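Visitor: Provided below are the primary sequence and the corresponding predicted coordinates.
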Amino acid sequence: MSTRTHLILILMTVFFFWVLLRGMKKSRLSTDIAVLWVGFLFLLVVLSIFPQFSALMAEIMGIKTVINAVFLVIIFLLICMVFFLCLQVSVLNERVKNLVQEISLAETRTSHSEDKTAE
């Protein structure tokens, strides 16, 4: 990669890190997800500052071209991120179901007690 490409990648990473911090400060982004993104950004910075790391990684994995190794690692990280987010969605769905059941029971109890007091 050329020096210009390195600088553009580093600037984009710093900008995205700034956006990430703003999202956390305004409570739009949870800490768990922010940690994942910070890890992803750290990897991008390492790959942009030390391109020989990408070549070494490709050689260790037995991949002939560096860009294919980079794509493989990024795709793997994105799949891990999707899995983590699916786990969070599953937990939140369970919490919503429990809350709906509790609200329904509370409304049922309230309507029964109002019926008894009306008689």
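Guide: Thanks, I have it. Just so it is clear, the structure is predicted and the values come from calculations on it, not from any experiment.

Visitor: for A69, which non-adjacent residue is closest in space?
Guide: If the residues on either side of it in the chain are set aside, A69 comes closest to A58, at 3.5 Å by C-beta to C-beta, 6 or more residues apart in numbering. C-beta coordinates here come from the backbone N, C-alpha and C atoms, glycine included.

Visitor: helices of the chain, start to end?
Guide: With DSSP state H as the definition, the chain shows helices at residue ranges 3-25, 31-49, 51-61, 66-118.

Visitor: now mean neighbour count and mean pLDDT too, for those helices, in a markdown table please.
Guide: What follows is those, written out as a markdown table (neighbours: other C-beta atoms under 10 Å; pLDDT from 0 to 100):
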| stretch | mean neighbour count | mean pLDDT |
| --- | --- | --- |
| helix 3-25 | 13 | 83 |
| helix 31-49 | 15 | 82 |
| helix 51-61 | 13 | 86 |
| helix 66-118 | 11 | 88 |
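
Visitor: next, the contact list for the residue nearest to A69, please.
Guide: The neighbourhood of A58, defined by C-beta atoms under 8 Å, 6 or more residues apart in numbering, consists of 64-66, 68-70.

Visitor: could you rerun that using 7 Å?
Guide: 65-66, 69 (C-beta atoms under 7 Å, 6 or more residues apart in numbering).

Visitor: that one and R22, how far apart?
Guide: Plainly put, A58 is 35 Å away from R22 if you go by C-beta to C-beta, to the nearest Å.

Visitor: repeat that for A106.
Guide: Applying C-beta to C-beta, the value for A106 to R22 is 38 Å.

Visitor: now L7
Guide: 23 Å.

Visitor: do I33 as well
Guide: Distance of I33 to R22, given as C-beta to C-beta: 14 Å.

Visitor: then V70?
Guide: As defined by C-beta to C-beta, V70 lies at a distance of 28 Å from R22.
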